[in-house]
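Visitor: return atomic coordinates for the entry below.
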Amino acid sequence: MKKILVLCTGNSCRSQIAEAYLRHFSDGKAEVYSAGVETHGVNPKAIATMQEEGIDISNHTSNNIDEYRHIDFDFVITVCDNAKERCPFFPTSAKKFHQNFPDPAKATGTDEEIKEQFIQVREEIKIYSQKFVADNL
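Guide: Sure, this is the predicted structure:
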């Protein structure tokens, strides 16, 4: 079984959404983890936006990359430029992928405008995750 790590800055939105979609689309063909170079807790708006898709991430935890040093990952996906730049060296042969997604946690505007930004990022991550699974698993 392949092991995938999704890495972001705070492990609160983008990496949480990607973890959920990768797990969903891989249909048991991969163990999927997410982590941050920092931990900011799982964003309630990320939980809500995934709930709209019928995917429950309310039990996800915000983890630091150091918690997974012992795992030999097959793939490491960075989902923000900051995490790519700060990604520590992994003594692993993991194939590295990078796709920068906008940070919905930094969205501004009305509640509706912020919600729309979360949905937009969710949809971008959904498309990326589905393609990643089709191309790599």
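
Visitor: quick one: find the helix or strand in the chain with the lowest mean pLDDT.
Guide: helix 81-86 (a mean of 64; mean pLDDT, DSSP states H and E).

Visitor: after that helix, which helix or strand is next? Please name it.
Guide: For helix 81-86, the following helix or strand on the C-terminal side (DSSP states H and E) is strand 95-98.

Visitor: what comes up buried for that next one?
Guide: Residues residue 97 are the ones in strand 95-98 that count as buried (16 or more other Cβ atoms under 10 Å). Glycine gets a C-beta too; all of them are placed from N, C-alpha and C.

Visitor: gap between the residue of the chain positioned farthest from its centre and residue 45?
Guide: Farthest-out residue of the chain from its mean C-alpha position, per Cα atoms, centre = their mean: residue 110, at 25.1 Å. Residue 110 sits 13 Å away from residue 45, going by Cβ to Cβ, to the nearest Å.

Visitor: per-residue pLDDT, residue 38?
Guide: If you check residue 38, the pLDDT there is 88.
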